[in-house]
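J.: build me a model from this:
(chains A and B)
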Amino acid sequence: MKLATWNINSLTVRLPQVLDWLQANPVDVLALQELKMSDDKFPHAAFASAGYQSVCFGQKTYNGVALVSRAPATDVVRNVPGFSDDMARVISATFAPGIRVVGAYFPNGQEPGSDKFEYKLAWLQGLRSWLRAELSAHPKLVLMGDFNITFDDADVWDPVGLKDTIHCTDEERYELNALIALGLHDAHRLFPQAAKSYSWWDYRDFGFRRNRGMRIDHILVSSALKPQVSACWIDKTPRKNERPSDHAPVVVELN
DNA sequence: ATGACGGAAGTTTTCCGA
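T.: Numbers count the residues shown, from 1 in each chain, chains lettered A, B, ... in the order given. Model prediction:
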């Protein structure tokens, strides 16, 4: 079984790229973030023609998440129960053979100390409280998406220049490690990976060509699933397309 | 250079992302 996550920065613009990628990478579940599209615009039919079902949680202009899958999604939940939020950031569902998948678009946070940063920290705490219960209800769980947080310097192209800036602050990393402490594991680091492996590169200043990026898109697997994880990789291929998303897909393989 | 690049809204310029 293969699962993937991809922030596609507007499904309106990138639908053809997503369909091409699925054809070349026929994963079982693909979590999408930043649809920037309301639910009535979601292209269920296009995915169906490609052999995929889809459940979405959209929003006009910003945010929006979906789970695209070979098998049907059951017990679909939108956003974080118990955390009131105007924004469409989380969609969860169960897929055969009983794997709970949480696809999430974490808040950006803009700048440490800003209102958006405080919202990010509150959101992270809300996610964590709910996830603790969700993990005990569903021991085989995958949390994947655009976390907008780096684990440490290895995830940052310029850890000195970007020290304490957004995605790299102690507060954000504390919250990310608190998720790990619930009994989750960073699938990427279960395997040897190339140095300077990133999942996002700024559009500006030839960020991708110069590999000036950050690893902010993650796949976390629960302890019960960890023994089944056989590989995890970042697919930089679509970042080389014309009009690419600024993020690359991340893929995990389970036995 | 409080910028660049790219998307959305919507119409010219602003907000936002990361």
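J.: what about the residue lying closest to residue A:65 once chain neighbours are set aside, neighbour count?
T.: Nearest residue to residue A:65, sequence neighbours excluded (Cβ to Cβ, 6 or more residues apart in numbering): residue A:91, at 4.7 Å. For glycine as for every other residue, the C-beta is placed from the backbone atoms N, C-alpha and C. By other Cβ atoms under 10 Å, 27 other residues sit near residue A:91.
J.: what of residue A:196?
T.: 13.
J.: how near is it to residue A:155?
T.: 10 Å (Cβ to Cβ, to the nearest Å).
J.: re earlier: surely the residue nearest to residue A:65 and residue A:56 touch.
T.: Yes. Using Cβ atoms under 8 Å, residue A:91 is in contact with residue A:56, at 7.2 Å.
J.: so what sits against both of those two?
T.: Common neighbours of residue A:91 and residue A:56 are listed as A:65, A:66, A:67 (criterion: Cβ atoms under 8 Å, 6 or more residues apart in numbering).
J.: give me the element the most centrally placed residue in chain A is part of.
T.: Residue closest to the average C-alpha location in chain A (Cα atoms, centre = their mean): residue A:145, at 0.9 Å. Using DSSP states H and E, residue A:145 maps to strand A:141-146.
J.: that strand pairs with which strands, and in what direction?
T.: As defined by DSSP bridges, the strand partners of strand A:141-146 come to strand A:99-105 (parallel), strand A:217-222 (antiparallel).
J.: which SSE is immediately downstream of that strand?
T.: Assigned by DSSP H and E, the successor of strand A:141-146 is helix A:170-180.
J.: hmm, who's touching the helix or strand that that next one is followed by?
T.: From helix A:170-180 onward toward the C-terminus, using DSSP H and E, the following helix or strand is strand A:184-186. Strand A:184-186 is touched from outside by A:135, A:141, A:143, A:151, A:180, A:218-223, A:226, A:229, with contacts defined as Cβ under 8 Å, 6+ apart.
J.: between the residues you listed, which is nearest DNA strand B?
T.: DNA strand B has its nearest neighbour among those in residue A:218, at 12.8 Å by Cβ to the nearest atom of the strand.
J.: for that closest one, which non-adjacent residue is closest in space?
T.: residue A:147 (4.9 Å).
J.: what residues does that neighbour make contact with?
T.: A:104, A:106, A:176, A:216, A:217, A:218.
J.: highest neighbour count among the residues you listed?
T.: Going by other Cβ under 10 Å, residue A:218 tops the contacts of residue A:147 with 28 neighbours.
J.: show me the contacts for that one.
T.: Residue A:218 touches A:5, A:143, A:144, A:145, A:147, A:186, A:187, A:188, A:250, counting by Cβ under 8 Å, 6+ apart.
J.: and for residue A:1?
T.: So residue A:1 contacts A:28, A:99, A:253, A:254 (Cβ under 8 Å, 6+ apart).
J.: check these and tell me the two furthest apart.
T.: A:99 and A:253 (12.9 Å; Cβ to Cβ).
J.: neighbour count winner among these two?
T.: residue A:99 (22 against 17).
J.: can you tell me how far that one sits from residue A:171?
T.: Counting by Cβ to Cβ, the gap from residue A:99 to residue A:171 is 31 Å.
J.: again with residue A:50
T.: 41 Å.
J.: do residue A:85 as well
T.: Taking Cβ to Cβ, one finds residue A:85 at 19 Å from residue A:171.
J.: again with residue A:192
T.: 30 Å.
J.: the residue of the stretch 51-200 of chain A found nearest DNA strand B: how many residues sit nearby?
T.: Nearest residue of the stretch 51-200 of chain A to DNA strand B: residue A:108, at 3.3 Å (Cβ to the nearest atom of the strand). Look at residue A:108: counted by other Cβ under 10 Å, it has 15 neighbours.
J.: that one falls within a helix, correct?
T.: No. Using DSSP: H, G, I helix; E, B strand; the rest coil, the secondary structure at residue A:108 is coil, not a helix.
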